[in-house]
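[1] predicted model and sequence follow; I will ask about them next.
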Amino acid sequence: MPVISREETRRKRQMLRKYHTRLHSDSNSAYKLLIIKHKLMRRWRTTCYNHVGEMFQTTIARESFAEGVGLHTGVYGHVRLAPAPAETGIVFRRVDLDNFHIEAQGQNVARVSYATSLMKQGVLLSTTEHLLAAIYSCGIDNIYIDIDSIEVPILDGSAEPFMQMLEQSGIRKLRRRRRYLKILKPLEVSEGDRRIGIYPADEFRVRCYVDFPHPLVGQQEVEMLVGLDTFRQLLARARTFCFQRDIDPLKAMGLIRGGSLENAIVLTADGVLNGPLRFPDEFGRHKALDLIGDLALAGLPLLACVEAHKAGHALHTQLVSRLLADPSLWTITTGGAALPESEAYLTALSPAPAAD
Ligand SMILES: [Zn+2]
């Protein structure tokens, strides 16, 4: 009897333990599901995977044109995209200043607050990021951007009009092998809770996270392999945005003189002044677009994964400058073996006469 009773007790205890374990794990997984559901509801995550690789350098096949007002200066300007020979890189030409060349490279970054500006020998060019994002994502290595003003026109606030220009222009392959900037060691830059890092990878991938305390924004994250198709599908149409409360202070700083409801989304305290949005997470997508436009200043296509956490133009361009300043962090490769002239990269990048 006592033996049976002990066995019975053990069995019951076991049953009880199993019951509690199941109950606990059920409630635990129910709780986890609730968290996931909650996160899904308040957090947009856009992911796309699409491998793009190209062995040869490219340029555009023919010229294309656009014109419009600059977002910050309000100055009206004309843009012409023109084909360029191999090893030219992306080069702005101020046609109003005797074709003065400003290479889209880290060492020409001038002033970065609400837009990225380039400056060389005192000649300024503002708000380059949307046009550069389109060119860089389309895999165009060599191009002249002729412009007769101090600022790239904002057009509709997105990169879509620039994508249309590039579609009109078409892409032409050149006979020279493409060179990539391959990251060998990680580099991170941070400022308070904002940070950005670049890490080794065999492709060009970005992850961009934003968090704005606004009912329409909140946390948004974009992760993607950067290429023509992914950029066109996911980011190109995402427009720039500002908060209505910031408009007067920005104007007082001499900024957004060309801003209007046609070229920027304006966020009110709890909504949007000029809807509808093009994507529910248009804000996060636009920040990823800005990030790619600033990374174009690396001067070569990247083989890297870049992660930006609440970063902005200042951190993006700091990362590029610090990266280029430390040749131990990267190498130049044609996709396979590293080229021996890595250390001569910065000088090699300056426009040189090329056969093609
Ligand atoms: Zn932007």
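    Cool, the structure landed.
[2] interface residues of the protein facing the ion?
    Those residues of the chain that sit near the ion, judged by C-beta under 5 Å from the ion, are 240, 290. No exception for glycine: its C-beta is placed from N, CA and C like everyone else's.
[3] low-scoring pLDDT stretches of this protein, where are they?
    For the chain, the stretches flagged by pLDDT under 70 are 1-4, 12, 15-54, 335-356.
[4] mind doing that once more with 80?
    Within the chain, the segments meeting pLDDT under 80 span 1-54, 111-113, 335-356.
[5] all helices of it, in order?
    Using DSSP state H, the helices of the chain run over 2-42, 129-137, 160-169, 228-230, 247-252, 282-295, 313-325, 345-349.
[6] and stretch 128-144, how far from the chain's centre?
    Counting by C-alpha atoms, centre = their mean, to the nearest Å, stretch 128-144 is centred 12 Å from the centre of its parent chain.
[7] report the buried residues of that stretch.
    128-144 (16 or more other C-beta atoms under 10 Å).
[8] kindly report the same for stretch 193-206.
    195-198, 203-206.
[9] kindly report the same for stretch 160-175.
    Buried residues in stretch 160-175 (16+ other C-beta under 10 Å): 160-163, 165-166, 169, 174.
[10] with stretch 320-336 instead?
    Residues 320, 323-324, 329-333 are the ones in stretch 320-336 that count as buried (16+ other C-beta under 10 Å).
[11] next: stretch 256-273.
    256, 258-259, 263-267, 272.
[12] if we can go back for a sec, how about the buried residues of stretch 160-175, which pair is most distant?
    160 and 174 (26.5 Å; C-beta to C-beta).
[13] quick one: which of the buried residues of stretch 193-206 sit in strands?
    Members of those lying in strands (criterion: DSSP state E): 195-198, 204-206.
[14] biggest separation within those, which pair?
    The widest separation within those (C-beta to C-beta) is 19.6 Å, between 195 and 204.
[15] reformat the ones in strands among the buried residues of stretch 193-206 as JSON lines; add distance to residue 283.
    As requested, those are arranged in JSON lines below (distance: C-beta to C-beta, whole Å):
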{"residue": "195", "distance to residue 283": "19"}
{"residue": "196", "distance to residue 283": "18"}
{"residue": "197", "distance to residue 283": "22"}
{"residue": "198", "distance to residue 283": "23"}
{"residue": "204", "distance to residue 283": "23"}
{"residue": "205", "distance to residue 283": "21"}
{"residue": "206", "distance to residue 283": "16"}
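[16] let me know the closest of those residues to residue 304.
    Among these, and counting by C-beta to C-beta, the member closest to residue 304 is residue 198, at 5.1 Å.
[17] now do the contacts for the closest one.
    Going by C-beta atoms under 8 Å, 6 or more residues apart in numbering, residue 198 touches 183, 186-188, 302, 304-307, 319, 323.
[18] contacting residues around residue 187?
    So residue 187 contacts 197-198, 319, 322-323, 326, 329 (C-beta under 8 Å, 6+ apart).
[19] now with 6 Å, please.
    Neighbour list for residue 187: 198, 323, 329 [criterion: C-beta atoms under 6 Å, 6 or more residues apart in numbering].
[20] any chance of TSV for these, columns distance to residue 313?
    Output for those, formatted as TSV (distance: C-beta to C-beta, whole Å):
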residue	distance to residue 313
198	16
323	16
329	21
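[21] show me where the stretch 101-250 of the chain has strands.
    Per DSSP state E, counting those that start in this stretch, the stretch 101-250 of the chain carries strands over the ranges 109-112, 116-120, 123-125, 143-147, 171-177, 180-183, 187-191, 194-200, 204-212, 218-225, 241-243.
[22] nearest to residue 100, out of these?
    strand 123-125 (5.2 Å).
[23] returning to what we had before: any idea which of the buried residues of stretch 320-336 is closest to residue 148?
    residue 320 (26.9 Å).
[24] how about the closest one, nearest residue that isn't a chain neighbour?
    residue 106 (4.4 Å; C-beta to C-beta, 6 or more residues apart in numbering).
[25] the one you found against residue 324, yeah?
    Yes - if you go by C-beta atoms under 6 Å, residue 106 and residue 324 touch, sitting 4.6 Å apart.
[26] just to revisit the earlier point, please render the contacts of residue 198 as JSON lines that adds distance to residue 284 to the earlier fields.
    Compiled in JSON lines, those are given as follows (distance: C-beta to C-beta, whole Å):
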{"residue": "183", "distance to residue 284": "24"}
{"residue": "186", "distance to residue 284": "23"}
{"residue": "187", "distance to residue 284": "23"}
{"residue": "188", "distance to residue 284": "21"}
{"residue": "302", "distance to residue 284": "21"}
{"residue": "304", "distance to residue 284": "20"}
{"residue": "305", "distance to residue 284": "18"}
{"residue": "306", "distance to residue 284": "15"}
{"residue": "307", "distance to residue 284": "14"}
{"residue": "319", "distance to residue 284": "19"}
{"residue": "323", "distance to residue 284": "24"}
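[27] which residues sit against stretch 92-107?
    The contact list for stretch 92-107, computed with C-beta under 6 Å, 6+ apart, reads 89-91, 108, 118, 120, 123, 125, 132, 144-146, 148, 297, 299, 320-321, 324.
[28] okay, now the residue nearest to residue 262 when sequence neighbours are not counted: neighbour count?
    Leaving out its chain neighbours, the residue that sits closest to residue 262 by C-beta to C-beta, 6+ apart is residue 156, at 6.9 Å. Per other C-beta atoms under 10 Å, the neighbour tally for residue 156 reads 17.
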